[in-house]
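Participant: structure for this input, please:
(one chain, ligands or ions: 1)
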Amino acid sequence: MFPGLCINQKGILNMAKKLPRCDACGRVFRPDRYNKHDQIYCLFPECVLARKRKRQRKSYNRRYRGDPEFRQSERDRAADAARRRRSAAKTACSVRDGPSAEPSAAAVSELCDLFTGFVSHLSQSDDPSVVRDLMSGYADRGRRLAAEPEKRFQQVQETFFNVPRHPF
Ligand SMILES: [Zn+2]
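Facilitator: Model prediction:
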């Protein structure tokens, strides 16, 4: 018989009874025989990537917490990057000629900072990778919503108007 397939007490073929589920995708997987008690991710490329990200995030955070020099250098690096981004945005804006109806680069940058702070507050995390992941998730969601506004609006309307009302 195939390993992992077993017959339970009712005689029903129970697939993968003892096989674990992947922490990332939830699929049942067969762990490596030499690592079966510790392996929590399957071998799908996305899950391998998720495992790698998790490991890197963990080691980054450990170092960030434990090494004051590294922490300071990371803060400086992030501040430098933000400064460069803002000045590049400003330059791009001033290069454009004439007044424009578009918001200024400084305003956009301000909004970016505001949104980053907001997401960080929502997630109660100061971990840049967590905040970045969340923000890209929100951006995807926003793009999806923007792509089909009518449909979404109808759904919202349905949800709203199908609420059972008080009879009086
Ligand atoms: Zn998986």
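Participant: looking at the longest helix seen in the chain now, give me its mean pLDDT.
Facilitator: Determined from DSSP state H, the single longest helix within the chain is helix 68-95. Per-region confidence: helix 68-95 scores 93 on mean pLDDT.
Participant: which element is the residue nearest the centre of the chain on?
Facilitator: By C-alpha atoms, centre = their mean, the mean C-alpha position of the chain lies nearest to D133, the distance being 3.2 Å. If you go by DSSP states H and E, D133 is part of helix 128-147.
Participant: the inter-axis angle of that helix versus helix 68-95?
Facilitator: Inter-element angle recorded for helix 128-147 and helix 68-95: 30 degrees (by axes from the mean of the first three to the mean of the last three C-alpha atoms, to 10 degrees).
Participant: by contact count, what packs against helix 128-147?
Facilitator: helix 45-66, helix 105-123 (3 or more C-beta pairs under 8 Å, 6 or more residues apart in numbering; DSSP states H and E). (Each C-beta comes from the backbone N, C-alpha and C, glycine too.)
Participant: quick one: which of the ones you listed is nearest the ion?
Facilitator: Of all the helices and strands packed on helix 128-147, it is helix 45-66 that lies closest to the ion, at 3.1 Å by C-beta to the ion.
Participant: is the ion contacted by that closest one?
Facilitator: Yes. Helix 45-66 is in contact with the ion by C-beta under 5 Å from the ion, via C47.
Participant: C-alpha coordinates for that helix, PDB please?
Facilitator: This file holds the C-alpha atoms of helix 45-66, laid out as PDB (Å, rounded to 0.1, in the frame of the first residue of the first chain):
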ATOM      1  CA  PRO A  45       8.200  27.300  -4.700                       C
ATOM      2  CA  GLU A  46       6.000  29.900  -3.100                       C
ATOM      3  CA  CYS A  47       6.200  28.000   0.200                       C
ATOM      4  CA  VAL A  48       9.900  27.600   0.000                       C
ATOM      5  CA  LEU A  49      10.100  31.300  -0.600                       C
ATOM      6  CA  ALA A  50       7.800  31.900   2.400                       C
ATOM      7  CA  ARG A  51      10.000  29.800   4.600                       C
ATOM      8  CA  LYS A  52      13.100  31.700   3.400                       C
ATOM      9  CA  ARG A  53      11.500  35.000   4.000                       C
ATOM     10  CA  LYS A  54      10.400  33.900   7.500                       C
ATOM     11  CA  ARG A  55      13.900  32.700   8.300                       C
ATOM     12  CA  GLN A  56      15.500  36.000   7.000                       C
ATOM     13  CA  ARG A  57      13.000  38.100   8.800                       C
ATOM     14  CA  LYS A  58      13.700  36.200  12.000                       C
ATOM     15  CA  SER A  59      17.500  36.600  11.800                       C
ATOM     16  CA  TYR A  60      17.200  40.200  10.700                       C
ATOM     17  CA  ASN A  61      15.000  41.000  13.700                       C
ATOM     18  CA  ARG A  62      17.300  39.100  16.100                       C
ATOM     19  CA  ARG A  63      20.200  41.100  14.900                       C
ATOM     20  CA  TYR A  64      18.200  44.300  14.900                       C
ATOM     21  CA  ARG A  65      17.300  43.800  18.500                       C
ATOM     22  CA  GLY A  66      20.600  42.400  19.800                       C
END
